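Asks: I'll drop the sequence and a predicted model, then ask my questions.
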Amino acid sequence: MRRILLVVAACTAVASWAQSPGAPTPATPAATQAEPGSLAAIPAELMGEALVVHISASIGQPSAAPTWEAKDIKYTIPGSAVSVKLLGKDVAVLISITPYKAKDGHLLLVAQGQVWYKDGTAGVGYRTTINTLSVAYGERILFYPLGAAAEGAAPLRVELSMDKYKPADGSSGMATPSGAGAAATKEKSTP
């Protein structure tokens, strides 16, 4: 009986301390955390390691003007994933890219794609892929979340490239690609 009273007394003391006015209060996450993929999410001491990720998604034939197109820029550091979400009427695509520095000066990318889609009367379908790629800075990576035909036709095409982050004037936050690979034309594609 004494043990039970001691446990109850200890729990009551801890609970009352946690509610006392002098107890530290946790910060509100929404007010203190930056949006993932933004420059503000990268700690200042790691800015020298930062990468800029260029994303371009389009619908249409590669040889013609796209019927729909969206572009975005995100920021990350080696070892931290950056994600892209594409939402449509009958499809949702989530692409997550995690870059790692390779010993040869390139990047090793772990790329994961998840696709949820309406499949007519069959309900909702789901596909997932995961690939690792060795790429140079600035090299284009093509991803076809809904698959691609042999002749290159694909309902959805996502183009990604990564460069080292370099501020344009040292303080504006606007990125300029750096590295010799910025104008590379070599393409890698993932199914």
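Replies: Done, it's in.
Asks: now stretch 150-168: average pLDDT?
Replies: The pLDDT scores in stretch 150-168 average 84.
Asks: buried stuff in that stretch?
Replies: 154, 156-166 (16 or more other CB atoms under 10 Å). Where you see a C-beta, it was placed from the backbone N, CA and C, and this is true even at glycine.
Asks: tell me the spacing between the closest residue in space to residue 91 that isn't next to it in sequence and residue 50.
Replies: Residue nearest to residue 91 in three dimensions, not counting chain neighbours: residue 117, with 4.5 Å by CB to CB, 6 or more residues apart in numbering. According to CB to CB, to the nearest Å, residue 117 stands 34 Å off from residue 50.
Asks: which of the two has more neighbours?
Replies: residue 50 (18 against 15; other CB atoms under 10 Å).
Asks: separation between that one and residue 75?
Replies: Counting by CB to CB, the gap from residue 50 to residue 75 is 6 Å.
Asks: and for those two, which residues touch both?
Replies: 39, 42, 165 (CB atoms under 8 Å, 6 or more residues apart in numbering).
Asks: tell me the contacts of the nearest residue to residue 33 once chain neighbours are set aside?
Replies: Nearest residue to residue 33 in three dimensions, chain neighbours excluded: residue 41, at 7.7 Å (CB to CB, 6+ apart). Contacts of residue 41 were listed using CB under 8 Å, 6+ apart, and they are 33-35, 75.
Asks: what's the neighbour count on residue 62?
Replies: 13.
Asks: and it, how close does it get to residue 131?
Replies: 20 Å.
Asks: what do you get for residue 34?
Replies: Residue 34 is 29 Å from residue 131, by CB to CB.
Asks: repeat for residue 139
Replies: Residue 139 is 14 Å from residue 131, by CB to CB.
Asks: got phi/psi on residue 106?
Replies: phi -90, psi -170 (degrees, to the nearest 10).
Asks: can you verify my assumption that it contacts residue 138?
Replies: No: Residue 106 is not in contact with residue 138 according to CB atoms under 8 Å; the separation is 10.8 Å.
Asks: and the host helix or strand of the residue nearest to residue 91, what does it pack onto?
Replies: Residue 117 belongs to strand 107-118 when assigned by DSSP states H and E. Counting by 3 or more CB pairs under 8 Å, 6 or more residues apart in numbering; DSSP states H and E, the packing neighbours recorded for strand 107-118 are strand 91-101, strand 124-135, strand 140-143.
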